[in-house]
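1. Following is a predicted model, sequence given first.
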Amino acid sequence: MSKPAIAAPDEASGSGGAAAAQWALASLSLSVLLSSLGTSIANVGLPSLAAAFSASFQQVQWVVLAYLLAISTLIVTVGRLGDIIGRRRLLLAGILLFTLSSALSGAASNLPVLIFARSVQGLGAAVMMTLAMALVGDAVAKERTGSAMGLLGTMSAVGTALGPSLGGVLIAGLGWRAIFLVNVPLGALAFLLAWRSLPADRQTPEAERPGFDVRGTLLLGFTIAAYALAMTVSRGGLGPLNLSLLAAAILGAGLFVLVERRAASPLIRLQTLRNPVLAAGLAMSTLVSTVMMATLVVGPFYLSRSLGLGATMVGIVMAAGPVVSALSGLPAGRAVDRLGAPFMILAGLVAMAAGSFALSVLPEMFGVAGYLAAMLVLTPGYQLFQAANNTAVMRDVRPDRRGVVSGMLNLSRNLGLVTGASAMGAIFAFATAEDVAAANAGTVSAGMQVTFAVAGVLVIGALLIALRSRALARSAERVAMPGRDRT
């Protein structure tokens, strides 16, 4: 695994360097695709798993939850480990772990083994997801960072969109094991591409390597796991278990801050959160992910109960969002490179706000056509924001901190998705004023309007954060030393 690869971007020149960078980007894109596919493809298999193992839905849903919890709790940790021991080396290990655990998932003889294998697969996915973004700075020239981030966003959307349809075909033709085994040849290809094309890790003398923050790592993992479980168990309600888990998460967060302030080599340097670009990027990422999750939680209920669509048509209409995301990712990245990340962040958020408010109005007026029209505004706006925000945060990060900052960005997105599934679902349920499962078309429509009006307000909040961050960054540039790293 220590085989030297291509030179760093600033050392590469000519067509050979460009070709090497393209192969490196292909390996990172495939890593992101696989980690995204690992989530979406398993959802469609839950009914088959329940039948195969004679288990309840509450039991088989841990096949999905174990994967998501492993990613969320470990995503910052693996980023920091990559900074310490080498991002290329750890990415190769993560791809290998993902591939082997996919094989174990496909061969599982009982549900506990499958859940364990999926948690290990989630660890591999956390490595792939985090380090793919972190390695962009090593593999791609700085002026093409936006295009690279747009491509990674496209591959994530492709994985999300492809999962349900591919999973359905595989289960129908080969059985549920195929939805996990399909990752094995793809993982082997990703490993080969990464091994052959990614730049070699910079060699740092062992005496100069920073230490690993074990206590901070354990506390952060505990905090995130407690919060994620609080938002998912009992469907994110406010029962005693949820409240206890939230209290544990708050306690864990407080202890984490105390430990990080005293740690010689902290997992997260708290002072970096004072950086306006990083702090704003994390906050905005959480807010917009919360909004995007609302489309997945509320959309199916509205389309089926208010518009009266059958299951097949609901699936087709719901696929519009991921398909548009896949198509808009690359153009969004190129726009970021041409026009600059700060401006494109604002443009993306304006589009998202318009799309959110449109979802609260247009479907009621024009039915399915109104829903699709709103999604055609909201989804490209999200892709534009993602490409621009990731570029703004990652472009000037010091090389020895890229892994942990990438992990923080991915964590903010995951926490937004978890929060959106619970909070936006609760707003929808509250607005319908009755049990959603038994609600009539009128109350579901009212719930839809309220939910996406709230979503629009959240995006406006993100827009205000972006404007304030831009003002603070400009002020800081006037007094900062030339060439000084921002994070």
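-> Okay, I see it.
2. Which secondary structure element is home to residue 166?
-> Here residue 166 sits within helix 145-174, counting by DSSP states H and E.
3. Does anything pack onto that helix? Which helices or strands?
-> Applying 3 or more CB pairs under 8 Å, 6 or more residues apart in numbering; DSSP states H and E, we find helix 145-174 packed against helix 14-43, helix 111-134, helix 136-139, helix 178-181, helix 320-339, helix 368-394. The C-beta positions use only the backbone N, C-alpha and C, and glycine is treated the same way.
4. Out of the ones you listed, which is closest to residue 189?
-> Closest of those to residue 189 is helix 14-43, at 6.7 Å (criterion: CB to CB).
5. by how many degrees do the closest one and helix 111-134 diverge?
-> 150 degrees (axes from the mean of the first three to the mean of the last three CA atoms, to 10 degrees).
6. Flag the shaky bits of this structure, pLDDT-wise.
-> Applying pLDDT under 70 to the chain picks out residues 1-18, 57, 203-210, 234-238, 311, 434-439, 476-487.
7. Domain-wise, how is it divided?
-> Following automatic domain parsing, one gets these domains for the chain: 1-200, 213-264, 271-481.
8. Next, the angle from the longest helix along the chain to helix 368-394.
-> If you go by DSSP state H, the chain has its longest helix at helix 441-479. Relative orientation of helix 441-479 and helix 368-394, computed by the same axes, to 10 degrees: 20 degrees.
9. got the buried residues for helix 441-479?
-> For helix 441-479, a neighbour-count test (16 or more other CB atoms under 10 Å) marks 443-456, 458-460, 462-463, 465-466, 469-470, 472-473 as buried.
10. residues in contact with the closest residue to residue 465 other than its chain neighbours?
-> The spatial neighbour of residue 465 that comes closest, neighbours along the chain excluded (CB to CB, 6 or more residues apart in numbering), is residue 280 at 5.0 Å. Contact analysis of residue 280 by CB atoms under 8 Å, 6 or more residues apart in numbering lists 465-466, 468-469.
11. just curious, which of the residues you listed is nearest to residue 427?
-> Relative to residue 427, the closest of the contacts of residue 280 is residue 465; by CB to CB it sits at 20.8 Å.
12. Let me know whether residue 32 touches residue 131 as I believe.
-> No - counting by CB atoms under 8 Å, residue 32 does not reach residue 131; the two are 10.2 Å apart.
13. quick one, which of those two is more surrounded?
-> residue 131 (33 against 24; other CB atoms under 10 Å).
14. hang on, the more buried one packs against residue 80?
-> No - taking CB under 8 Å as the definition, residue 131 is not a contact partner of residue 80, at 11.0 Å.
15. overlap in contacts of these two?
-> With CB under 8 Å, 6+ apart as the test, residue 131 and residue 80 both reach residue 403.
16. quick one, helices of the stretch 151-300 of the chain?
-> Assigned by DSSP state H, counting those that start in this stretch, the stretch 151-300 of the chain shows helices spanning 178-181, 183-197, 214-232, 240-262, 276-301.
17. And the fourth one, what does it pack against?
-> Packing partners of helix 240-262 (3+ CB pairs under 8 Å, 6+ apart): helix 214-232.
18. which other helices and strands contact the helix it packs on?
-> Counting by 3+ CB pairs under 8 Å, 6+ apart, helix 214-232 packs on helix 62-85, helix 240-262, helix 402-419.
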